[in-house]
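>>> Using only what follows, build the 3D model:
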Amino acid sequence: MNHTPRFRPVVSCTLLVVTLVAGVTACGGSDGHPLAAKPYDAVDEISANVSDGDEKVDSDKPLELTVDGDDGRITDVTAVDAAGRHLAGELDADGRRWHATSPLAAGTRYTVRVSMEDGDGDPGSRTLSFGTTSAKKFLKVAFGPQAGTYGVGQPITAELSAPIKDKASRAIVERALRVRSTPAVTGSWYWVDDKTLHYRPEEYWPARATIDVTSGLAGVKVTGGLYGAPTKALRLTTGDRIEAITDAAAHTMTVKRDGKVINTIPVTTGKPGFATRNGVKVVLAKEYAVRMRGETIGISENSSDSYDLMVYYATRVTWSGEYVHAAPWSTGSQGYANVSHGCTGMTTGLAEWFYNTVRTGDIVQVVGSQGATMTPFDNGYGDWNLSWAKWLKGSALQNNTAPDRTDTIQAARLRPEV
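Residues are numbered from 1 along each chain as shown. So this is what the prediction gives:
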């Protein structure tokens, strides 16, 4: 060995107990205790396959550490980049070799601390530092919605700048996209398609919660030469838990705040052939005035069902044009019959109250309709219509097959349904 041997005193069990209890013995000081021995510099006994210094290392090159000579073994390795991320690794059974099990991040600097012991059991250590080359292709992530306060049904979205198709690469992305809420909840991402993810809890978000969305993907290799780019963090808050439950068969809407009924409203919903969708929807937007025309949903201008109206206090719940809105022309049917073309109508005064009570992200649920059920992803936020078990199947981190659905979120289609 090329390091200076050190005297290693033998301490009996009895003396060790006295040392721990009383704190005073002849060998109780930091210089005498064998566990307090200062590690020697093991730079000549631990080799690395990267250069220690300013030379940049290819980020595609896996980190590997080995013990030189015939004796000695590695006991611990920590490799941390400039962002505080630990590099995962594995130690061979004989302790002679450690290798990284995940790729190096691009465009960062690593500090590696290695602990070992020689053939006599003396502790040694080596610290090395190196930088990695920058990436040429980046995967960008945009979180949504915009920062602000939302209802408890608002999903989190992540839009990717490039498609990610294979499950291993999706797992890398998903593991790096972190959602933390206070109070804490159980939640998961769902791959809607190759470039879109949604995140929701098992149940609705807690009322008056704070939600932080961050990405640890910067510099991380996703696939091939594609590396994660830095992503702007997102913070949301939730308001009161507002739920509007429309019973199309009973022609009423019950509005609750934090579980307590605050209003019961006579309504009309979609008539036969235009039945309102069942299921849970999420408020997408509020529009004071909207022009609604039958042609936008395929109704001929000469048909008896044709209409062209300015509608007020319109709360949008689907991109295809389903709203909760004022319908003064149908007050005689509200609470008694369904006569609309798919929207939920009520008096102007009650529509104004509803418009002022709800916010984007609040829950609007329809039951008792003869219509189909709201689809999960292609017409707004129907995420809550998937059971939790089915939702988990959309995660790349679960032991499952591909998601049941890969509907793409479509752009807004202004086709009001009156």
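>>> hey, let's count contacts and neighbours off CA atoms from now on
Noted.
>>> how about the helices in the chain?
Taking DSSP state H as the test, the helices found in the chain are 13-22, 167-176, 348-357, 388-392.
>>> Make TSV out of these and add mean neighbour count.
Shown next, in TSV, are the helices of the chain (neighbours: other C-alpha atoms under 10 Å):
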stretch	mean neighbour count
helix 13-22	12
helix 167-176	18
helix 348-357	17
helix 388-392	17
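>>> want to throw these into a markdown table with distance to V283 and mean pLDDT?
Conversion of the helices of the chain to a markdown table gives the following (distance: least, C-alpha to C-alpha, whole Å; pLDDT from 0 to 100):
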| stretch | distance to V283 | mean pLDDT |
| --- | --- | --- |
| helix 13-22 | 64 | 36 |
| helix 167-176 | 26 | 96 |
| helix 348-357 | 10 | 98 |
| helix 388-392 | 21 | 97 |
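>>> Looking at those, which is nearest to L65?
Closest to L65 of the helices of the chain is helix 167-176 (C-alpha to C-alpha; 24.3 Å).
>>> so what secondary structure elements neighbour that closest one?
Using 3 or more C-alpha pairs under 8 Å, 6 or more residues apart in numbering; DSSP states H and E as the contact criterion, the elements in contact with helix 167-176 are strand 221-223.
>>> In its sheet, which strands sit next to the strand it packs on, and in what direction?
As defined by DSSP bridges, the strand partners of strand 221-223 come to strand 226-228 (antiparallel).
>>> Now do the strand it pairs with: everything it contacts.
Here strand 226-228 makes contact (C-alpha atoms under 8 Å, 6 or more residues apart in numbering) with 106, 135-140, 217-222.
>>> of all those, which comes closest to I156?
Distances from I156 to those, taken as C-alpha to C-alpha, are shortest for K140 (16.3 Å).
>>> Distance-wise, check that closest one relative to T132.
According to C-alpha to C-alpha, to the nearest Å, K140 and T132 sit 20 Å apart.
>>> okay, these two: which has more neighbours?
For K140 versus T132, neighbours defined as other C-alpha atoms under 10 Å are more numerous around T132 (23 against 17).
>>> Quick check: that one vs T246, distance?
Taking C-alpha to C-alpha as the criterion, T132 is separated from T246 by 57 Å.
>>> Around the spatially closest residue to D383 that is not a sequence neighbour, count how many other residues there are.
Distances taken as C-alpha to C-alpha, 6 or more residues apart in numbering place P376 nearest to D383, at 4.7 Å, with adjacent residues excluded. The tally of other residues near P376 (other C-alpha under 10 Å) stands at 21.
>>> For P376, give me the pLDDT.
What the model reports as pLDDT for P376 is 95.
>>> OK, contacts around it?
Contact partners of P376, counting by C-alpha under 8 Å, 6+ apart, are G382, D383, W384, N385, L386.
>>> Report the beta-bridge partner residues of the closest residue to the third one other than its chain neighbours.
Sequence neighbours aside, V280 is the residue nearest to W384 in space, at 6.2 Å (criterion: C-alpha to C-alpha, 6+ apart). Using DSSP bridges, the bridge partners assigned to V280 are Q365.
>>> quick one: the closest residue to N49 other than its chain neighbours and D71, what's the gap?
Spatially, and ignoring its direct neighbours in sequence, N49 is nearest to E64 (5.7 Å; C-alpha to C-alpha, 6+ apart). Per C-alpha to C-alpha, E64 is found 18 Å from D71.
>>> between the two, which one's more packed in?
When E64 is set against D71 and neighbours are counted by other C-alpha under 10 Å, the residue ahead is E64, at 17 against 13.
>>> Pretty sure that one sits against S102.
No - taking contacts as C-alpha atoms under 8 Å, E64 lies outside contact range of S102: 11.5 Å.
>>> Report the buried residues of stretch 310-326.
Neighbour counts over stretch 310-326 (16 or more other C-alpha atoms under 10 Å) mark 311-326 as buried.
>>> if we can go back for a sec, any idea how far A88 is from the residue nearest to N49?
As for E64, its distance to A88 is 12 Å (criterion: C-alpha to C-alpha).
>>> G332 too?
Relative to A88, G332 is positioned 68 Å away (C-alpha to C-alpha).
>>> Counting neighbours, go ahead and name the busier of those two.
For the pair G332 and A88, the greater number of neighbours falls to A88 (15 against 11), based on other C-alpha under 10 Å.
>>> From A314, how far off is the more buried one?
52 Å.
>>> Next: A82.
In this view, A82 and A314 are 50 Å apart by C-alpha to C-alpha.
>>> Ok, G259 next?
G259 sits at a distance of 24 Å from A314 (criterion: C-alpha to C-alpha).
>>> give the contact list for T149.
T149 sits next to L236, T237, T238, G239 when contact means C-alpha under 8 Å, 6+ apart.
>>> and with 10 Å instead?
T149 sits next to R208, A209, T210, R235, L236, T237, T238, G239, R359, T360, G361 when contact means C-alpha atoms under 10 Å, 6 or more residues apart in numbering.
>>> Report how many residues lie close to the spatially closest residue to T75 that is not a sequence neighbour.
Residue nearest to T75 in three dimensions, not counting chain neighbours: M116, with 4.9 Å by C-alpha to C-alpha, 6+ apart. The burial metric for M116, expressed as a neighbour count using other C-alpha under 10 Å, is 24.
>>> Just grab the bridge partners of M116 for me.
The partner list for M116 in beta bridges (DSSP bridges) reads I74, G124.
>>> Cool, thanks, signing off.
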